[in-house]
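Enquirer: here's my sequence, what's the structure:
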Amino acid sequence: MKAEFRWLGEGALLVRLGEGIDPEVNARVRRLAAALDAAGIPGLVETVPTYRSVLVIFDPLITAPGALREAVEEVLERPDVGHSPGYREIVLPVAYGGEFGPDLELVCSHTGLAPDEVVAKHAGRVYLVYMLGFLPGFAYAGDLSPELEVPRLPQPRVRVPRGSVAIAGRQTGIYSLDSPGGWMLIGRTPVPTYRPRAAEPFLLRPGDRLRFLPISPEQYRKIEAQVRTGQYRLQVKEVSPE
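Expert: Residues are numbered from 1 along each chain as shown. Sure thing, here's the model as predicted:
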């Protein structure tokens, strides 16, 4: 699909690169965002990659909209936009069911699977982090096993605890803050995915590969304590571009 452009106010340009939720389209999105960030375009404030588009935020007092679009089109033509960047493989511990995943039984009723089957299927895949949104650091990751595809809750919760691991449709996500939410909660991680005072506040980035490691409630409490004291070491592997 040829790139489509849409202006969003005076200081933002949306560059759409495809349709739906597709790993190849999302890879193009992330490559374009990285190339724009490295291009040194005057007035560029920020790029925000989404499932299938890049939001380019710029200062119109520094760069006119027409010049900004031309700069984006030039970057789109560069050979390096086709190169695959490296990524990280991250393993997050998750306690499933019970107080940590109050909707696990509801997921079972929707899917016809037993609780241990839901956990095994959810934790048995490697997920692509497509984008961050909704909340600071909330990762939209996929693709979920078709056997775990469930609707959103008919009535969203007023409060979802921070760290809750949830599913809806073919996506899984992690609530980075206490907030309202309508996805089905199947577990919770003791590892924060958003730390506003940290040098790098977001644990996950678009393009990361994410795995979930089932843990017991006792292990959850232990890791929670290690996180508070700075002793916990997350499993992270850097993978170089091919």
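Enquirer: only C-alpha atoms from now on, for both contacts and neighbour counts.
Expert: Fine.
Enquirer: domains of this structure?
Expert: Split into domains by automatic domain parsing, the chain comes to 4-82, 87-239.
Enquirer: Throw the ones you listed into a markdown table and include mean pLDDT and mean neighbour count, thanks.
Expert: Converted to a markdown table, the domains of the chain look like this (pLDDT from 0 to 100; neighbours: other CA atoms under 10 Å):
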| stretch | mean pLDDT | mean neighbour count |
| --- | --- | --- |
| domain 4-82 | 92 | 17 |
| domain 87-239 | 95 | 18 |
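Enquirer: the strands in the protein, which residues?
Expert: 4-7, 12-16, 44-49, 53-58, 87-96, 127-132, 139-142, 157-160, 164-168, 171-174, 179-181, 184-188, 209-215, 235-239 (DSSP state E).
Enquirer: if I look at I41, how far off is R69?
Expert: From I41 across to R69, the span is 11 Å (CA to CA, to the nearest Å).
Enquirer: just T47 next, same as before
Expert: 13 Å.
Enquirer: same deal with G11?
Expert: 11 Å.
Enquirer: try A139
Expert: In terms of CA to CA, A139 sits 29 Å off from R69.
Enquirer: just R152 next, same as before
Expert: R152 is 38 Å from R69, by CA to CA.
Enquirer: and what of R162?
Expert: From R162 to R69 the distance is 39 Å (CA to CA).
Enquirer: figure out how far the longest helix seen in the chain is from the centre of its chain.
Expert: Counting residues, the longest helix found in the chain (DSSP state H) is helix 23-38. In this view, helix 23-38 has its centroid 14 Å away from the chain centroid, taken as CA atoms, centre = their mean, to the nearest Å.
Enquirer: what packs against that helix?
Expert: For helix 23-38, the elements it packs on are strand 44-49, strand 53-58, helix 65-76, strand 127-132, judged by 3 or more CA pairs under 8 Å, 6 or more residues apart in numbering; DSSP states H and E.
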